[in-house]
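J.: Sequence and computational prediction follow.
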Amino acid sequence: MSRPGVRTASLVALVIVLAAGAGTAGFFETRALRSHRDPAPSASAAPTAWPAALSAATAAPAPVVTAGAGQVPAAAAVARALAAPVRDPALGSRLLAQVIDVDSGTSLFADRPGTPAAPASTAKLLTAAAVLAAYPGTHRFTTSVATGAGGALVLVGGGDPTLTAAAAGKAADYPGAARISDLAAQLHGVPVTRIVVDDSLFAGPSVSPDWAAEDVPSSYASAITAVLADGGRARPGDAIRSAAPDLAAGHALAAALGHADLPVTRGAAPSGARTLATVRSAPLRELVEQMLQQSDNVIAEVLARQVAVARHLPASFTGAAAAVRAELAGLGVQVGAGLRDGSGLAAADRVSPAALAAVLRLAATGPAGPRALLAGLPVAAWSGTLADRYLGGRAVAAGAGAVRAKTGTLTGVSSLAGVVHTRDGRLLAFALIADRVAPGAAATDAADAALDAIAAALARCGCS
């Protein structure tokens, strides 16, 4: 079974202006297919160059206008526009699809839209919407150091997935990350005999029983703990993430204190412990954008647990999935009982295209919190996991700069869910899951290209 790796904001009133270009636009997703594994680039890769596919006529990604510009497309016209691309043999023997008009909610194209299937990384849309509903977009997660018994210092995890061990003045894997070096600076002169890492904010196993054995450690997943640094890497920039990222973060603190040989153990801060140092993460909306742009499984799993924390449920894989379902149900989106994790890495995850499309419509028209989801989506031929797609060929050229979507890939599964404007300016949400694709990198690439052609056909469509 293959797993996704790392390939390589703001909504004001009715318009979202993409902010990714200045910060996280350069993140790519490189599929780490077990049958064809490419080395994953560092998360600190340089920003994406301006793609040739974006001509002077599309000098920047199109803004997302959520008002009802133009007429509601005719379902029959949409069906005609999609008739050829949805029959592409590269999609395998089954394509599940839902296309809706965002403003009215009208279904414009559907092929078994209520059928649950493996969503792959499009499941991150659910986590993004839920965590943005549970916390303000400005919320920051706190990591602290407290006093421990016998001269110990306790590194208390607050569930910040991007805390960095990068030295002061050095670039971090994630822009805006809180720094362990800043914790160490606040502890100058404090005597210490050992480091204790406190993961008690989270519960349950740190590796999902629904993940494959080779998923942790890998380039795309680590153990999920309340204390971790650099997306679960033992050191900034590591290609492979850690099976014990909490202990790695503890060792990083010891090194930053100038005592790299200090023992590091797991434990809990004693009752009444005094807080000696704190740092705070980048704002939540930036963490969500980093998750979506990079398709970062570790960020996704940590943020799903933060939804569980907010809802006073166990911050475990099971509790996080239940919390995401409950948070979205409260906003009128029924996800179903098939969600097993927060990232889509579990092959056992089951989510319908209808649920994914409903979440996208919620982000465009619902409460203010989840709206930041749209600003964080990769843009075709421009940013994130879509930066190297929609770059050539008439079949997909219309989607460049116009399609904003979350990608998803597992062995035998290619998915794409996002928003796109029609030629008449109408905003549509779409969710596509091809879950019977032939195995192998070539088949996966062909399926992805076929999904891109469907979204591009929507961009070309007048459909009135």
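T.: Arrived safely, thanks for sending. No experiment lies behind these values; they were computed from the predicted model shown.

J.: The residue of the chain positioned farthest from its centre: what secondary structure?
T.: Distance to the chain centre peaks in the chain at Gly150, reaching 40.6 Å (criterion: Cα atoms, centre = their mean). Under the three-state scheme (DSSP: H, G, I helix; E, B strand; the rest coil), Gly150 adopts helix.

J.: how far away is it from Gly462?
T.: As judged by Cβ to Cβ, to the nearest Å, Gly150 and Gly462 stand 73 Å apart. The C-beta positions use only the backbone N, C-alpha and C, and glycine is treated the same way.

J.: that older thread, who are the neighbours in contact with the residue farthest from the centre of the chain?
T.: Counting by Cβ atoms under 8 Å, 6 or more residues apart in numbering, Gly150 touches 193-194.

J.: for Ala320, same thing?
T.: Counting by Cβ under 8 Å, 6+ apart, Ala320 has contacts 301, 304-305, 307-308, 313, 341-342.

J.: Quick check: closest non-adjacent residue to it.
T.: Of all residues beyond its chain neighbours, the one nearest Ala320 is Ala304 (3.8 Å), with distances taken as Cβ to Cβ, 6 or more residues apart in numbering.

J.: so where do the helices sit in the stretch 151-300 of the chain?
T.: For the stretch 151-300 of the chain, the helices defined by DSSP state H, counting those that start in this stretch occupy 180-186, 245-256, 284-294, 297-310.

J.: where's Val420 relative to Ala455, distance?
T.: 6 Å.

J.: list the residues that contact both of these two?
T.: Common neighbours of Val420 and Ala455 (Cβ under 8 Å, 6+ apart) are 399, 403, 405, 430.

J.: contacting residues for the last one?
T.: For Phe430, the residues meeting the contact criterion (Cβ under 8 Å, 6+ apart) are 97-100, 357, 405, 416-420, 454-455, 458.

J.: Same question for Leu96.
T.: Counting by Cβ under 8 Å, 6+ apart, Leu96 touches 111-113, 115, 117, 352-353, 432-435.

J.: Helix, strand, or coil at it?
T.: strand.

J.: pLDDT score for it?
T.: We have a pLDDT of 98 for Leu96.

J.: The residue nearest to Ala320 reaches Ala322, doesn't it?
T.: No. Between Ala304 and Ala322 there is no contact under Cβ atoms under 8 Å: 10.0 Å.

J.: in the stretch 351-464 of the chain, which spans are strands?
T.: Taking DSSP state E, counting those that start in this stretch as the test, the strands found in the stretch 351-464 of the chain are 404-410, 413-421, 427-434.

J.: Could you check the longest one and say which residues are buried?
T.: Of all the residues in strand 413-421, those buried under the rule 16 or more other Cβ atoms under 10 Å are 413-421.

J.: Would you check which pair of those residues lies furthest apart?
T.: Val413 and His421 (27.0 Å; Cβ to Cβ).

J.: before we move on, the earlier item: quick one: which of the strands of the stretch 351-464 of the chain is nearest Ala84?
T.: Comparing those against Ala84 with Cβ to Cβ, the closest turns out to be strand 427-434 (14.8 Å).

J.: And the residue nearest to Arg179 when sequence neighbours are not counted, how close does it get to Thr225?
T.: Nearest non-adjacent residue to Arg179, counting by Cβ to Cβ, 6+ apart: Thr164, 5.6 Å away. For Thr164, the distance to Thr225 equals 16 Å [Cβ to Cβ].
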